[in-house]
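Q: whatever this is, show me its structure:
(chains A, B, C, D, E and F)
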There are 6 protein chains.
Amino acid sequence: MPSSKPEILVVNPNANAAVTDAMAAALAGLAAGTAVTIRTQTLEGAPFGIESETDAAIVAPMLAALLRQERSRYDAFVIGCFLDPGLNACREAAGKPVFGIGECAIYAALTQADQFGVLALSRTSVARHKPIYRRLGVWDRLAGELPLEISVAEAVGDVTVYPRILARARELRDEYGAGAVVLGCAGMAQHRSALQDALGIAVIDPVQAGVSRAVSEILAR
Amino acid sequence: MPSSKPEILVVNPNANAAVTDAMAAALAGLAAGTAVTIRTQTLEGAPFGIESETDAAIVAPMLAALLRQERSRYDAFVIGCFLDPGLNACREAAGKPVFGIGECAIYAALTQADQFGVLALSRTSVARHKPIYRRLGVWDRLAGELPLEISVAEAVGDVTVYPRILARARELRDEYGAGAVVLGCAGMAQHRSALQDALGIAVIDPVQAGVSRAVSEILAR
Amino acid sequence: MPSSKPEILVVNPNANAAVTDAMAAALAGLAAGTAVTIRTQTLEGAPFGIESETDAAIVAPMLAALLRQERSRYDAFVIGCFLDPGLNACREAAGKPVFGIGECAIYAALTQADQFGVLALSRTSVARHKPIYRRLGVWDRLAGELPLEISVAEAVGDVTVYPRILARARELRDEYGAGAVVLGCAGMAQHRSALQDALGIAVIDPVQAGVSRAVSEILAR
Amino acid sequence: MPSSKPEILVVNPNANAAVTDAMAAALAGLAAGTAVTIRTQTLEGAPFGIESETDAAIVAPMLAALLRQERSRYDAFVIGCFLDPGLNACREAAGKPVFGIGECAIYAALTQADQFGVLALSRTSVARHKPIYRRLGVWDRLAGELPLEISVAEAVGDVTVYPRILARARELRDEYGAGAVVLGCAGMAQHRSALQDALGIAVIDPVQAGVSRAVSEILAR
Amino acid sequence: MPSSKPEILVVNPNANAAVTDAMAAALAGLAAGTAVTIRTQTLEGAPFGIESETDAAIVAPMLAALLRQERSRYDAFVIGCFLDPGLNACREAAGKPVFGIGECAIYAALTQADQFGVLALSRTSVARHKPIYRRLGVWDRLAGELPLEISVAEAVGDVTVYPRILARARELRDEYGAGAVVLGCAGMAQHRSALQDALGIAVIDPVQAGVSRAVSEILAR
Amino acid sequence: MPSSKPEILVVNPNANAAVTDAMAAALAGLAAGTAVTIRTQTLEGAPFGIESETDAAIVAPMLAALLRQERSRYDAFVIGCFLDPGLNACREAAGKPVFGIGECAIYAALTQADQFGVLALSRTSVARHKPIYRRLGVWDRLAGELPLEISVAEAVGDVTVYPRILARARELRDEYGAGAVVLGCAGMAQHRSALQDALGIAVIDPVQAGVSRAVSEILAR
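A: Presented below is the predicted three-dimensional model:
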């Protein structure tokens, strides 16, 4: 009876279905390898991308409302944006475990290396992440964060950006001393495995990291 | 020509007009003593109080929308809630200086004492403030924070809570070593002066602190 | 062909087989729910418990030697002691992902709450953990750590200690403000679920947390 | 009856009257716009500049003595040197609010941006400020500090240094990620407005920041 | 030829000769056991005790002037007050190594224990030390600081205060988790040895710690 | 009766006798100038160098065993490796004061300058030291650490490396703002004095720093 299998809802808080698809693809290994059903969902009515503080502010209450509505249908929730918008509100709304992919990715990296690096989409993202690192207490473990200056669309769908991603990741490892690299956006999972092989250090995709925590939480029961 | 006088908009992000009135009263001295017009406004459609992470998440985009709409009419804005909801989004929206009363109050206290204490409405508020203090870098300067276990309504309108406020403030000063005390909610300004006299140390009202920063920013030009 | 299934080795770095058995029991859910084989092993020749800095120093090179020897047979390793003895040496030796259960447990807790608490076996353990928390950068997120003053044997095998564990966990939640509680020893998993239900906040068993990270790392590939 | 107007004394703790004049000029806007009288005074017998730890040590007790003598004549005091020499002694001596312009400038910047930068007169000043930033808890919010390698005389009186100031400020914004810039010396206020317009981010003059805090403290009563 | 022996000057920055005598007594062992001459000197014209920020401010330039005058006669200098008044100015003035006994005592304690405690003369001293601990970066290694509420005269000359000192030191060890205890004033050395024996953990006298650093610096040449 | 003279054992935890000899040479001044006997000893059976986490893990229990065996013959012990391997285990084993040269060197530097720099043998050493600096709380006082990319053998026996050492030390002083430089390995003492003269700032040899603390501890009794 499949309905008895625990279920996790992963919400892509932007309206870009290509990102949601990329999330589902990134989660295929986890989905196949664990006795938990993982569903992905695009947040209806959300901006096409979370590219400003305003975008993040807009989706926060929408996410909380969605989780409140779906609270009885899922065992855990994952917010699929590196900024973890509305995480605390979502926890209040869901009354179930809710994981933010940004936090989960950073902590996953820290279980594998003393210093972590982050690849951000843009210079603006880098600035946006700084207060988060201080709030989490990981400031002194951040080797560095570098902007790729690519769009979400390029991150998700354009394989030609890989050389730039690799170059910046190498810089994090060699110039900044990063022992693990976090992909600082939900749509870059397709590059994770190749990057990790090329670098020889752990590369963390935040969507995988967030869902892994949700799966673990459920299976540990 | 009064229209040439700079103007500040202070938004009370909850729908409780009594809080807005208390803010205006708290600002009377500043308004009378500076060549800046200070207007207060209740955020239409907001929850009656900001008493949860969800409330804070809900008002954030509403505040940003309001500031975007009013951006050409004011010289600076003040978000009138100790949690500073939506502060970064509001800055994007306004393109003018926007001050959060929580941050401003804490920094004002730190200009007068090495260690500050905070009087929170409730135990839940105390927990909510912790990540803020880490994010701001003021964690090691916080002597302590104590919950009053009173409602916003009591804070704003019930003078009988003063003895409890005084007792907790004394505890912050004498047991925790606070050299300045921050009122951790927008509605407690009526007690500030009496508290400061009774304690002999600085007591900071966040609304006054936030608006003072806005006034200073304008007059320094 | 079961041999193609990825395998994780969890090493109990003390010679107490009852602890190894408790680990295996704690991992039953994870083992059943994921397409990864999880093996547990007692470290031959180790002290009966890791109850001093000397014990931890003794097992560190033994663990590294074991992992070097087993490196080709497993896909990842987990060091089953909250102190994470020899973690960096083990990483050098294994050339595969190696996870320390202490670090993993703390980070797992931080994905669910702003402030975490720890239940330690003894007062001495509490002192031993302090430099670890500073090194990890989680000092300001630690709500508090309380000693249970029970032995490993009691933790693993004596159900009568549960009321004491519950009392101390409640103290962490209610007096110290912990939003998640970490069991600060490898042998307490049997109490995790009951504690979590009784407290209403996340309770993290370090063995489960460490193995979850290893499983996730493998399945994310 | 003008004598009833509150009065603030701003002490320039060096003997350079040109700096005192520059302070008065910087405060013209605040003086005109608030119902508080602002007086500036050169510290008689002080060194011509505060250009060493010894200079700072020398003026500290002189400032305290002056404030003790003037304590009944003013409602608040401002120490007009970025190093805040003798601030705690002055507080003991005055028994009235005393503000240090260095601290006030840094906190003012932090109410407008996550990361602040500082323009110092010289490389030596940069080194001197480091323990201050740690003591204040703002270390992790400092984007960077750059030396201008100009003298106080040049800062106060030589308009030809502006291009160098602007270049370094741009570097703080663009290379270091500063969201606000603090002028790290009492005499640079004449450049503040032009710099702020050119940079598009907040530029804080410490004398204005310190006096603004004093004014606010008085008007909030 | 005794004049070829290196010489250290230890300055007691208060005018209380009994404190200077206590310093000399505390240094007898070091003086007898090392090939360095240790001289102690009372700062002429200083306040009778350093019991306020004003006292500390007053002696700072006096100390710098003394060291400038004596710079050619000594190989190193030690400032004999736990607050390290004028330390940086003294370094500029002397152009020789200058050690502050407060800093040296804290670092000496940290070479022997993860967490240190401090016994302060009074509650006011405790507050005065807090910014110092933050500035030094030792905040998170401070187990706690307790006030003895005794005067300098009692600390130096009244043996009946020993039981109180012992009780507070035990509290630091047992309740606060201190692994080493620092005597937070220059005059308590007479109790150090007995305290250390009674507690079974390191007890650090700051005068001994400061002079030890000076001796070491000289002998290491 | 020479046997009554206190004795310190300095253990070189690698099997390279040339390093032990270099230690003895570095300690000649201290040995001649203090009434304490200083013995140096090579750790039998240790790796030839401590060049990995595994090496450090291997020697830790060997050091503890040696100190346990020698505990009644010495008054204090010094572990002669910058990584301070097994320091806590050695303290348990010895029941006497045990000092780590790495910690002692860092704290010695901090008694002479606000910001310290470190010269490491290699890039790998730099990475290995980072968690140590965080654990000790000195992260924000580290100006920088630079790799020399020389071997222990070169550090100890090859005078031709001096220009490289000097160049990197100058870089720490001039580019990174270090006010004191720590030699980040046990075998570089021969260069200390020349470096200090050339740089004009304190240069700390860790073996001297560690033994100085042990001597001070004994003479302070």
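Q: can you tell me which residues in chain A are near chain B?
A: With the criterion set to CB under 8 Å from any CB of the partner chain, chain A comes near chain B through A:52-54, A:56-58, A:60-61, A:64, A:86, A:88-89, A:91-93, A:128, A:131-132, A:134-135, A:137. In short, each C-beta sits where N, CA and C put it, glycine included.
Q: which secondary structure elements does the lowest-mean-pLDDT helix or strand in chain A contact?
A: One helix or strand of chain A scores below all others by mean pLDDT, DSSP states H and E: helix A:152-157, with a mean of 86. Contacts defined by 3 or more CB pairs under 8 Å, 6 or more residues apart in numbering or on different chains; DSSP states H and E place helix A:152-157 against helix A:17-26.
Q: contacts made by the helix it packs on with the rest, please.
A: A:10, A:12, A:40-42, A:80, A:152-153, A:156-157, A:186-187, A:189-190, A:192, A:205, A:207-208 (CB atoms under 8 Å, 6 or more residues apart in numbering or on different chains).
Q: what's near enough to touch residue A:35?
A: Neighbouring residues of residue A:35 by CB under 8 Å, 6+ apart: A:5-6, A:219, C:32-34.
Q: re earlier: among the residues of chain A next to chain B, name the ones that also lie close to chain D.
A: A:131, A:134.
Q: which one of the contacts of residue A:35 is nearest to chain F?
A: residue C:34 (29.8 Å; CB to the nearest CB).
Q: that closest one contacts residue C:215, correct?
A: Yes. With contact defined as CB atoms under 8 Å, residue C:34 counts as touching residue C:215 (5.1 Å).
Q: who has more neighbours, those two?
A: residue C:215 (31 against 26; other CB atoms under 10 Å in any protein chain shown).
Q: quick one: residues contacting that one.
A: A:212, A:216, C:8, C:30, C:34, C:36, C:38.
Q: return the subset of those lying in strands.
A: Secondary structure from DSSP state E places C:8, C:38 of the contacts of residue C:215 in strands.
Q: which one among the contacts of residue C:215 gets closest to chain E?
A: Among these, and counting by CB to the nearest CB, the member closest to chain E is residue A:216, at 30.0 Å.
Q: for the closest one, the count of nearby residues, please.
A: Residue A:216 has 28 nearby residues by other CB under 10 Å.
Q: gap between the closest residue to residue A:71 other than its chain neighbours and residue D:34?
A: Distances taken as CB to CB, 6 or more residues apart in numbering or on different chains place residue A:94 nearest to residue A:71, at 4.9 Å, with adjacent residues excluded. For residue A:94, the distance to residue D:34 equals 49 Å [CB to CB, to the nearest Å].
Q: what does stretch A:58-69 rub up against?
A: With contact meaning CB under 8 Å, 6+ apart, stretch A:58-69 is reached by A:9, A:11, A:13-14, A:43, A:45-47, A:50, A:77, A:79, A:81, A:85-86, A:89-90, A:92-94, A:96, A:98, B:54, B:57-58, B:60-61, B:64, B:89.
Q: just checking, residue A:172 touches residue A:148?
A: No. Using CB under 8 Å, residue A:172 is not in contact with residue A:148; the gap is 11.3 Å.
Q: per-domain residue ranges of chain A.
A: A:2-100+A:208-219, A:103-205 (automatic domain parsing).
Q: how far does the shortest one stretch from start to finish?
A: Domain A:103-205 has its terminal residues 12 Å apart, counting by CA to CA, to the nearest Å.
Q: and the strands in chain A?
A: Under DSSP E, chain A gives strands at A:7-12, A:37-42, A:76-79, A:98-100, A:116-120, A:142-147, A:180-183, A:202-204.
Q: turn those strands into a markdown table, including mean neighbour count, distance to chain F and mean pLDDT.
A: As requested, these are exported to a markdown table (neighbours: other CB atoms under 10 Å in any protein chain shown; distance: least, CB to the nearest CB, whole Å; pLDDT from 0 to 100):
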| stretch | mean neighbour count | distance to chain F | mean pLDDT |
| --- | --- | --- | --- |
| strand A:7-12 | 25 | 33 | 98 |
| strand A:37-42 | 18 | 35 | 98 |
| strand A:76-79 | 28 | 29 | 98 |
| strand A:98-100 | 29 | 24 | 98 |
| strand A:116-120 | 27 | 12 | 98 |
| strand A:142-147 | 20 | 9 | 98 |
| strand A:180-183 | 28 | 12 | 98 |
| strand A:202-204 | 26 | 15 | 98 |
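Q: make JSON lines out of those strands and add distance to residue D:116.
A: Shown next, in JSON lines, are the strands of chain A (distance: least, CB to CB, whole Å):
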{"stretch": "strand A:7-12", "distance to residue D:116": "35"}
{"stretch": "strand A:37-42", "distance to residue D:116": "39"}
{"stretch": "strand A:76-79", "distance to residue D:116": "30"}
{"stretch": "strand A:98-100", "distance to residue D:116": "27"}
{"stretch": "strand A:116-120", "distance to residue D:116": "21"}
{"stretch": "strand A:142-147", "distance to residue D:116": "19"}
{"stretch": "strand A:180-183", "distance to residue D:116": "26"}
{"stretch": "strand A:202-204", "distance to residue D:116": "31"}
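Q: out of these, flag the one nearest chain E.
A: Minimum separation from chain E across the strands of chain A (CB to the nearest CB) falls at strand A:142-147, 18.4 Å.
Q: could I have the ChimeraX command that selects the buried members from the contacts of stretch A:58-69?
A: Selection of buried members from the contacts of stretch A:58-69 for ChimeraX, criterion 16 or more other CB atoms under 10 Å in any protein chain shown:
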select /A:9,11,13,14,43,46,47,50,77,79,81,85,86,89,90,92,93,94,96,98 /B:54,57,58,60,61,64,89
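Q: which of the contacts of stretch A:58-69 fall within helices?
A: A:89-90, A:92-94, B:54, B:57-58, B:60-61, B:64, B:89 (DSSP state H).
Q: from those, which two are the most distant?
A: Across those, no pair lies farther apart than A:94 and B:64, at 24.6 Å, counting by CB to CB.
Q: show me where chain A dips below the pLDDT cut-off.
A: A:1-3 (pLDDT under 70).
Q: 50 instead?
A: Flagging of chain A using pLDDT under 50 yields the residue ranges A:1-2.
Q: picking that back up, just the closest of the contacts of residue A:35 to residue D:181, please.
A: Compare each of the contacts of residue A:35 with residue D:181 using CB to CB and the shortest gap goes to residue A:219, at 50.9 Å.
Q: what about the residue lying closest to the closest one once chain neighbours are set aside, how many neighbours?
A: Nearest residue to residue A:219, sequence neighbours excluded (CB to CB, 6+ apart): residue C:33, at 4.3 Å. Residues lying near residue C:33 (other CB under 10 Å) number 21.
Q: sorry, back to before: in contact with the residue nearest to residue A:71, which residues are there?
A: A:67-68, A:70-71, A:77.
Q: and residue A:155, by the same measure?
A: A:121, A:148, A:161, A:185, A:187-188.
Q: then residue A:203?
A: By CB under 8 Å, 6+ apart, the neighbours of residue A:203 are A:169, A:180-183, A:192-193, A:195-196.
Q: again, but for residue A:192
A: A:26, A:183, A:203-205, A:208, C:220.
Q: can we see that at 10 Å?
A: A:26, A:181, A:183, A:202-205, A:207-208, C:220-221 (CB atoms under 10 Å, 6 or more residues apart in numbering or on different chains).
Q: could you check how far residue A:95 is from residue B:143?
A: 34 Å.
Q: same question but for residue A:17, I mixed them up
A: Relative to residue B:143, residue A:17 is positioned 51 Å away (CB to CB).
Q: please apply the same query to residue A:44.
A: Residue A:44 is 47 Å from residue B:143, by CB to CB.
Q: same check on residue A:132?
A: 26 Å.
Q: likewise residue A:26?
A: 46 Å.
Q: same question for residue A:121.
A: 40 Å.
Q: residue A:176 touches residue A:119, doesn't it?
A: No. Between residue A:176 and residue A:119 there is no contact, the gap being 11.5 Å when judged by CB atoms under 10 Å.
Q: which residues are common contacts for these two?
A: Residues touching both residue A:176 and residue A:119 (CB under 10 Å, 6+ apart) are A:145-146.
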